[in-house]
Every structure is written in structure tokens, then in C-alpha cells.
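**Student:** structure, please.
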Amino acid sequence: MSTTTVDVTGMTCGHCVTAVTTELSALPGVTAVEVDLHAGGITPVTIVSESELDPAAVAAAVDEAGYELAPQA
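**Tutor:** Below is the predicted model of the structure:
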């Protein structure tokens with residue numbers, strides 16, 4: 001098992017959580033997605049998968065949901 005945490009910007013409500021969770025859950029090997037919503041701020045999203053995820057695939061899934069990954073410090 002592999003755990004990946006990404007920071008997502010622009011999420012404000014339960015619909016946002018559902019959209020991001022749905023897109024990330026559709027990635028091959030993903031077994032769980034946990035969103036710790038910080039409305040209007042940076043929301044940490046933890047993804048559990050059978051193997052390491054391709055960062056570009058994660059970014060594309062978040063983009064497909066209508067949000068962006070926060071820039072890494």
C-alpha cells in the first residue's frame with residue numbers, strides 16, 4: 001500500500017469534496033480517498049493506493065474535478 005497526500009486549492013463545500021473524491025477514486029489502484037476540507041483555503045487530500053501514483057495522473061484527476069493542486073513550498 002502507498003499513501004500520497006496532496007494539497008488542493010479552491011474547495012469550499014461538500015460538492016467539492018465529492019467531485020475530487022470521485023475523480024481520484026477512479027485512478028487505477030486507488031482504494032481510499034480522505035479529504036480534510038478547509039473551505040476557501042488549502043485542503044489536504046490523502047490518497048491510499050495499491051502502488052505509488054503517477055503525480056501527473058493525480059494532478060489531471062484534480063483538474064478534471066475543477067480544482068488545482070497547491071504549489072509545493
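**Student:** can you give me the neighbour number for His38?
**Tutor:** Neighbour count for His38, taken as other Cβ atoms under 10 Å: 14. Placement of C-beta: from N, CA and C, glycine included.
**Student:** oops, could you answer that again for Ala56 instead?
**Tutor:** 8.
**Student:** for Asp36, same thing?
**Tutor:** If we define neighbours as other Cβ under 10 Å, then Asp36 has 10 of them.
**Student:** same check on Met11?
**Tutor:** The burial count for Met11: 24, using other Cβ under 10 Å.
**Student:** how about it, what does it touch?
**Tutor:** Val17, Val20, Val35, Leu37, His38, Ala39, Thr43, Tyr67 (Cβ atoms under 8 Å, 6 or more residues apart in numbering).
**Student:** now it: which helix or strand?
**Tutor:** Met11 is part of no helix or strand when elements are defined by DSSP states H and E.
**Student:** measure it to Gly40 for me?
**Tutor:** 8 Å (Cβ to Cβ, to the nearest Å).
**Student:** please apply the same query to Gly66.
**Tutor:** Using Cβ to Cβ, Gly66 is found at 15 Å from Gly40.
**Student:** just Thr3 next, same as before
**Tutor:** Distance from Thr3 to Gly40, by Cβ to Cβ: 26 Å.
**Student:** hey, where'd the helices end up in the protein?
**Tutor:** Counting by DSSP state H, the chain has helices at residues 14-25, 55-65.
**Student:** with respect to Thr31, which of those lies nearest?
**Tutor:** helix 14-25 (8.8 Å; Cβ to Cβ).
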